[in-house]
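Visitor: Quick one: sequence and predicted model below, then my questions.
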Amino acid sequence: MLLTPHPDTETIALNCAAITISDTRTSVTDSSGKVIQTLLTKAGHQVPVYTILPDEPSKISAQLAQLGDRVDLNVIIFNGGTGIGARDTTYDAISSLLEKTLPGFGELFRFLSYQEIGSRAMSSRAVAGVYRRKLVFSLPGSTNAVKLALDKLIIPELTHLSFLINPPA
């Protein structure tokens with residue numbers, strides 16, 4: 001049973017960016033990026049920004065800074081590059097830029113992942129936080145992991161978290 005201690009009375013349409021970090025995926029083969037777009041749109045949000053970047057820390061940091069400057073965006077979701085492999089640099093590129101972190105996101109994500117994939121969940125460095133008054137989520141590149149994070153954690157709390165960062169006037 002899912003408990004909602006502070007149920008949202010309304011859902012507002014948020015503008016989201018979906019950024020895939022991969023050295024090999026293309027717009028045709030990027031199933032995780034497509035899942036992000038589909039699930040957010042189905043939940044009533046918009047995804048005006050979608051791109052694929054190579055797993056290069058300077059490009060990832062620059063993308064976050066560029067998107068952070070946009071007044072028309074509320075949420076930035078990265079997928080890919082959260083493991084511990086040599087080319088997994090998304091966490092390293094964005095975690096130090098976050099102005100506030102949501103440690104509970106990573107903890108809950110790994111807990112839910114553990115229920116699905118077992119002890120391999122410990123290698124995920126999924127993270128979330130706030131950057132320039134925008135919610136930022138960094139997810140593994142696995143399509144199942146993306147779906148899990150969006151369905152169980154991100155979409156149910158997106159409106160509430162957005163109101164916390166940018167309260168209605």
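Guide: That came through fine. These numbers were taken from a predicted model, which means no experiment stands behind them. Numbers count the residues shown, from 1 in each chain.

Visitor: Let me know the pLDDT of the residue lying closest to Ile12 once chain neighbours are set aside.
Guide: Spatial nearest neighbour of Ile12, excluding adjacent residues (Cβ to Cβ, 6 or more residues apart in numbering): Thr159 at 5.7 Å. Every residue, glycine included, has its C-beta placed from N, CA and C. On pLDDT, Thr159 comes in at 94.

Visitor: where in this structure is pLDDT low?
Guide: Per-residue confidence for the chain (pLDDT under 70) gives these ranges: 1-10.

Visitor: quick one: buried residues of the longest helix along the chain?
Guide: Counting by DSSP state H, the longest helix found in the chain is helix 103-117. Residues 105-106, 108-110, 112-113 are the ones in helix 103-117 that count as buried (16 or more other Cβ atoms under 10 Å).

Visitor: same check, this time on stretch 115-135
Guide: For stretch 115-135, using 16+ other Cβ under 10 Å, the buried residues are 121, 124-132, 134-135.

Visitor: next one: stretch 39-46
Guide: Residues of stretch 39-46 classed as buried by neighbour count (16+ other Cβ under 10 Å): 39-40, 43, 45.

Visitor: What's the end-to-end length of that stretch?
Guide: This stretch, stretch 39-46, spans 10 Å end to end (Cα to Cα, to the nearest Å).
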